[in-house]
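[1] Quick one, what's the 3D model for this:
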Amino acid sequence: MVGENAGLRPFVASDIDWLVDAHAQLYARDEGFDQSFGVLVREILEEFVAKQEIDVEAGWVAQAKGVPLGSIFCVRSDVPDVAKLRLFLLLPTARGTGLGRRMLETCMRFARDRGYHGMQLWTHESHRAACALYAANGWSLTRSEPVHSFGVDLVEQTWEITF
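    Predicted coordinates for the structure are as follows:
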């Protein structure tokens, strides 16, 4: 099973192209997103590489047998003592294996261990499996708003958890 054989390793700058392509292709196929989404993902990753505060920010790439399967990042937010979960992606071939749960737990543990008192994330209502995972791990939906982003109509959501 993919999830049992998969592990997490630290994100490195050479992962950027794969992560941008994986996000852009998956979201274009599944959500109809336009190319602006890939541009945003690249901007987020390049900023992370340029400005990462190593003591309080981290990124991980999930992989099995050297093949990347997804990513998750913990970064500072604009709110003191609250981390932001970003770029949580798991390829369809690895979904339902428990790997996503392990990725989320790793990210949350990192945030707690670094002294954050909570986390927040931004997602879309259409990501039902991810939203169910957040809810099952103690996150609460705090905002939901219809928007037009990345060339499509969406319902943006903000989720938060306090440690």
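[2] contacts and neighbour counts: CA atoms only from here.
    Noted.
[3] Give me the secondary structure label for the most centrally placed residue in the chain.
    Ranked by distance to the mean C-alpha position of the chain (C-alpha atoms, centre = their mean), the top residue is F88 at 1.7 Å. Following DSSP: H, G, I helix; E, B strand; the rest coil, we place F88 in the strand state.
[4] Distance check, the closest residue in space to it that isn't next to it in sequence against W60.
    Residue nearest to F88 in three dimensions, not counting chain neighbours: I72, with 4.3 Å by C-alpha to C-alpha, 6 or more residues apart in numbering. Distance, I72 to W60, using C-alpha to C-alpha, to the nearest Å: 6 Å.
[5] again with F37
    Plainly put, F37 is 20 Å away from W60 if you go by C-alpha to C-alpha.
[6] In terms of neighbours, single out the busier of those two.
    W60 (22 against 19; other C-alpha atoms under 10 Å).
[7] what are the ranges of the helices in the protein?
    Under the criterion DSSP state H, helices of the chain are mapped to 2-5, 16-31, 36-51, 99-113, 128-136.
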